[in-house]
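In: Kindly return the folded structure for what I paste below:
(chains A, B and C, ligands or ions: 1)
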Amino acid sequence: MDRRLSDDENGARDVSQSPTTEPKQDIDTVKPEADEGIVTGPAVPAQASTEQLNALTHRLLGPSLTKSGQEGVSQDNVSQVILDASKGSKFYEREAALAAGLATRVAALQTRKAKLEAQDLRVHLRNADAFLASLESSRDLSRIIVHLDCDAFYAAVAALKDPTLKGIPFAVGGSVLSTCSYEARKFGVRSAMPAFVARKLCPELKLVDQDFPSYIAKAGEIRAILQTYDPNFQPAGLDESYLDLTAYCQDNDISASDAVSKLRTEVREKCGITISAGIAATAPLAKIAGNVNKPDGQFEIPSTREAVMAYMADLSVRKVAGIGRVLQCELDAVGIRVCADIYPQRALLVPLFGDKTAKFLLTSYLGIGRTRIAPSDGRDRKSVGTEGTFADLAGAQALRTKLRQTAEALEEDMKQAGVKGRTVVLKVKLHTFEVLTRQVGTHIPVWTKDDIYRISLPMLERLEKEIPGLKIRLLGLRCTHLVEAKLSVDKNFFGAAKAPNTEERFCVCQDDQILAPAVPPPERASAHRAEGSRSGVPVDEDGWEIWPEAEFEAAAEQERKEEFEELLKLSQELEERHDQDNGAKAPLESSRSTSPADDVESWACPICNRPQPADERALNEHIDLCLSRETIREVVRSVPENKAPAKLEKPTLPSKQVPRKRARPRGGGSISKSNHEQSNAKRRAFFS
DNA sequence: GGGCAACGTTGTT
DNA sequence: TTCCAAACAACGTTGCCC
Ligand SMILES: Cc1cn([C@H]2C[C@H](O)[C@@H](COP(=O)(O)OP(=O)(O)OP(=O)(O)O)O2)c(=O)[nH]c1=O
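Out: Next up, the predicted model:
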């Protein structure tokens, strides 16, 4: 995720020790503070600038330094083990290259800062102060926001299933660890660490596989409890949630910390999972607070302006969600290490980091953030994808086989999610660890393995052309610009509000009928409407027929079939016209039955004038389809019978979406100076 | 200059 | 010897169209 729209930003450090602190667990402290701050690496090869080395060390060690459970670990030793294990590998080389790029950018930042400081910054200063003032005036300290985070979630679930894991150092994952038990953390083991490094740190480390069904089930149990505290709570991933306990505390005449304490006890007793909690006036603050007494603890940041500001002041910027390794490095270069450092630099933030980041930083400095907690409606998924790592792979045939397998896997995921995509993205990681992506718009939403394969093959071919001897270690496919495929069954779709549980929407669907993505709505609406009218369907005040659920569904199904057939015909026609082109010619889509709509109200489509489910999103999707149908027809009409375009993506074609050629040089990632200047010019344009 | 598509990056879990 | 993940969101930049 990225910082600006992220739900979380502000942060602070454990200054004001609140009385809400719970008994902390184990982990005796030897070196209380190996955390935060930029790491300046120990023994690394020479001959690079120290800037670069620090950047590289920081990259390699990065994640291990921000996690909890590391307090009793000798960081120097851990760092040395990690660096030793890394040296000489392709992975290391790639990291070094990236670090070099970062070092260059950091140097440019510093130069730029020096230049700026010689200029008149009064306008920037005024803008920053105005922004701060407006933020301050909107500060809301009235809510009781709680962030909950299960401790070592995957590991905790694993230990519940297999009690022999209890109390021993073990980790969840394969070649890379997803997480590990707190016992393992004492050795310096942590999330995102390669397993072979973890084994060096902790030879007795036991490894267990991931088990998502169990995680999902356990998350469901926990959420059932959370719901009783705040029916409007917001899950954020499987193991995290935000709650607004303002009402609960009022209704039950209980303090925030007591309520949270009670909640945590309930979850522990009923679900066997310990959770940590943060209590504060905003979501970002609550999240930060939650990390203070992890594991199995809670912490409250008092809701006064003074307490919040004080807490933020000493907090490493790295603790703020949205500030990662790179931004931390850049901020460090301009003298910003803790949140209090942001203020003196406020006039420089926009010119140095851009409008969005500047605002984000100022907001964090004040400890201001989101106070409204609400579940997402489950329809906001932006992409569905799958990818896999394997031993270096090369050769046309092998790559195609892998591509096909990936397309098959993606079809499964698309079915699960009940969506189609209008853009397909191919991702490849070279044997050097360099990552490349290629993407194309498809206009007609796709989801079948055959369509996905056909669309992605040309992208692979392109890569093969661009990179002779293409050798990869990862291949992935992802669909974006999603369109809802299942026409409901899930009451949520047409608005009949259901329990706000996102998980259900993606997991409960087993029935093929439910999963079967809908085929686009029909062209000649007349068909079913006329039929319906004749068969005496009642009509509402606007003249639209009111259909009983079942009939509506049947009619919708029929419409979709007709529509699909027409689309198929059109696309086949096109296909034939530019014959050859070898390749797998799978049918566009095999007609599958779709679950019917269970809605009776309907709106008219402005294009085809046919009734559509009374749902804004559904209607918009329908309109898109209507428009795309028109476009296809236009293309078909405009292409001379025997002179087809040299190469048209089959289902992809509308003039507007014909891919634009843009041979982009693939540079090592560093930004040229002129680019930098330009971007700054753009950045300055914003603020105000 | 806006809008949009493509691509690379950063960040989070 | 083996030898650094997967899934997702958001943003900045670039190039092109209108
Ligand atoms: C950080 C991280 C987490 N995960 C998974 C495994 C975690 O159990 C789950 C939740 O992540 P986190 O809540 O970040 O971490 P955690 O619950 O394992 O441990 P703790 O909060 O006590 O420090 O997400 C990954 O798969 N990859 C990652 O890089």
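In: Spell out which parts of chain A neighbour the ligand.
Out: A:67-68, A:149-154, A:178-179, A:191-192, A:239, A:294-295 (C-beta under 6 Å from any ligand atom). Where you see a C-beta, it was placed from the backbone N, CA and C, and this is true even at glycine.
In: 5 Å instead, please
Out: Chain A has residues A:68, A:151-154, A:178-179, A:191-192, A:239 near the ligand, with proximity defined as C-beta under 5 Å from any ligand atom.
In: who does the longest strand along chain A touch, helix- and strand-wise?
Out: As assigned by DSSP state E, the longest strand anywhere in chain A is strand A:471-484. Packed against strand A:471-484 by the contact rule (3 or more C-beta pairs under 8 Å, 6 or more residues apart in numbering; DSSP states H and E) you find strand A:383-394, helix A:396-417, strand A:419-430, strand A:435-446, helix A:449-466, helix A:616-638.
In: Using a markdown table, lay out those together with distance to A:Ala280, mean pLDDT and mean neighbour count.
Out: Converted to a markdown table, those look like this (distance: least, C-beta to C-beta, whole Å; pLDDT from 0 to 100; neighbours: other C-beta atoms under 10 Å):
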| stretch | distance to A:Ala280 | mean pLDDT | mean neighbour count |
| --- | --- | --- | --- |
| strand A:383-394 | 31 | 97 | 14 |
| helix A:396-417 | 34 | 97 | 18 |
| strand A:419-430 | 36 | 97 | 22 |
| strand A:435-446 | 37 | 94 | 20 |
| helix A:449-466 | 44 | 96 | 19 |
| helix A:616-638 | 34 | 38 | 17 |
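In: ok, and the closest non-adjacent residue to the residue of the stretch 451-600 of chain A found nearest DNA strand C?
Out: DNA strand C sits closest to A:Leu474 of the stretch 451-600 of chain A, with a gap of 5.1 Å, by C-beta to the nearest atom of the strand. Excluding its sequence neighbours, the residue lying closest to A:Leu474 (C-beta to C-beta, 6 or more residues apart in numbering) is A:Lys429, at 3.6 Å.
In: For the one you found, give the beta-bridge partners.
Out: A:Val435, A:Leu474 (DSSP bridges).
In: That one touches A:Gly388, doesn't it?
Out: No: under the criterion of C-beta atoms under 8 Å, A:Lys429 is not in contact with A:Gly388, lying 10.2 Å apart.
In: Quick check: neighbours shared by the two?
Out: A:474-475 (C-beta atoms under 8 Å, 6 or more residues apart in numbering).
In: ok, A:Ala313 touching A:Ile342?
Out: No: using C-beta under 8 Å, A:Ala313 is not in contact with A:Ile342, being 9.8 Å away.
In: Who has more neighbours out of the two?
Out: A:Ile342 (23 against 18; other C-beta atoms under 10 Å).
In: For my notes, confirm the more buried one occurs in a helix.
Out: Yes: assessed with DSSP: H, G, I helix; E, B strand; the rest coil, A:Ile342 lies in a helix.
In: Where does the closest residue to it other than its chain neighbours fall, secondary structure wise?
Out: Using C-beta to C-beta, 6+ apart and skipping the chain neighbours, the partner closest in space to A:Ile342 is A:Tyr365 (4.1 Å). Here A:Tyr365 sits within helix A:355-366, counting by DSSP states H and E.
In: Convert that helix to CSV, retaining C-alpha atoms only.
Out: The C-alpha coordinates for helix A:355-366 follow below in CSV (Å, rounded to 0.1, in the frame of the first residue of the first chain):
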residue,chain,number,x,y,z
ASP,A,355,2.3,17.4,-2.4
LYS,A,356,0.9,14.2,-1.3
THR,A,357,3.8,13.0,0.7
ALA,A,358,4.2,16.5,2.2
LYS,A,359,0.6,16.6,3.4
PHE,A,360,0.9,13.1,4.7
LEU,A,361,4.0,14.0,6.7
LEU,A,362,2.4,17.1,8.2
THR,A,363,-0.7,15.1,9.1
SER,A,364,1.4,12.5,10.8
TYR,A,365,3.4,15.2,12.7
LEU,A,366,0.1,16.5,14.2
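In: secondary structure class for A:Leu148?
Out: strand.
In: same thing with A:Pro284?
Out: Relying on three-state DSSP, one would call A:Pro284 helix.
In: Which residue is the nearest non-sequential neighbour of it?
Out: A:Gly369 (3.7 Å).
In: for the residue of the stretch 201-350 of chain A found nearest DNA strand B, what are its contacts?
Out: Of all residues in the stretch 201-350 of chain A, A:Gly324 sits closest to DNA strand B, at 2.3 Å by C-beta to the nearest atom of the strand. Neighbouring residues of A:Gly324 by C-beta under 8 Å, 6+ apart: A:Arg318.
In: Would you mind measuring from it to DNA strand C?
Out: 10 Å (C-beta to the nearest atom of the strand, to the nearest Å).
In: any chance you could read off phi and psi for that residue?
Out: phi -100, psi -160 (degrees, to the nearest 10).
In: can you check A:Asn293 too?
Out: phi -110, psi 40.
In: so it touches A:Ile279, yeah?
Out: No: assessed by C-beta under 8 Å, A:Asn293 is found out of contact with A:Ile279, at 10.9 Å.
In: Now do the shared contacts for those two.
Out: In contact with both A:Asn293 and A:Ile279: A:Phe299, using C-beta under 8 Å, 6+ apart.
In: Those two: which is more packed in?
Out: Ranked by neighbour count (other C-beta under 10 Å), A:Asn293 and A:Ile279 place A:Ile279 first, with 27 against 23.
In: Correct me if wrong: the more buried one contacts A:Ala289.
Out: Yes: counting by C-beta under 8 Å, A:Ala289 is a contact partner of A:Ile279 at 6.2 Å.
In: list the residues that contact both of the two?
Out: Contacts common to A:Ile279 and A:Ala289, judged by C-beta under 8 Å, 6+ apart, are A:299-301.
In: ranking those by neighbours, who comes first?
Out: A:Ile301 (28 neighbours).
In: tell me the phi and psi of it?
Out: The phi/psi pair for A:Ile301 (degrees, to the nearest 10) is phi -100, psi 120.
In: Okay, it and A:Ser257: tell me how far apart.
Out: Counting by C-beta to C-beta, to the nearest Å, the gap from A:Ile301 to A:Ser257 is 11 Å.
In: where along chain A do the strands fall?
Out: Assigned by DSSP E, chain A shows strands spanning A:145-150, A:170-173, A:177-180, A:206-208, A:234-235, A:240-244, A:275-280, A:298-300, A:383-394, A:419-430, A:435-446, A:471-484, A:602-604, A:611-613.
In: With distance to A:Ser214 as added columns, please give these in JSON lines.
Out: As requested, the strands of chain A are arranged in JSON lines below (distance: least, C-beta to C-beta, whole Å):
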{"stretch": "strand A:145-150", "distance to A:Ser214": "13"}
{"stretch": "strand A:170-173", "distance to A:Ser214": "11"}
{"stretch": "strand A:177-180", "distance to A:Ser214": "13"}
{"stretch": "strand A:206-208", "distance to A:Ser214": "11"}
{"stretch": "strand A:234-235", "distance to A:Ser214": "17"}
{"stretch": "strand A:240-244", "distance to A:Ser214": "17"}
{"stretch": "strand A:275-280", "distance to A:Ser214": "17"}
{"stretch": "strand A:298-300", "distance to A:Ser214": "26"}
{"stretch": "strand A:383-394", "distance to A:Ser214": "20"}
{"stretch": "strand A:419-430", "distance to A:Ser214": "25"}
{"stretch": "strand A:435-446", "distance to A:Ser214": "31"}
{"stretch": "strand A:471-484", "distance to A:Ser214": "25"}
{"stretch": "strand A:602-604", "distance to A:Ser214": "42"}
{"stretch": "strand A:611-613", "distance to A:Ser214": "36"}
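In: closest one to DNA strand B among those?
Out: Across the strands of chain A, closest to DNA strand B is strand A:435-446 (C-beta to the nearest atom of the strand), at 3.8 Å.
In: That closest one near DNA strand C anywhere?
Out: No: Strand A:435-446 is not in contact with DNA strand C by C-beta under 7 Å from any atom of the strand; minimum separation 9.1 Å.
In: now the angle between strand A:471-484 and that strand, please.
Out: Using axes from the mean of the first three to the mean of the last three C-alpha atoms, to 10 degrees, the inter-axis angle of strand A:435-446 relative to strand A:471-484 is 30 degrees.
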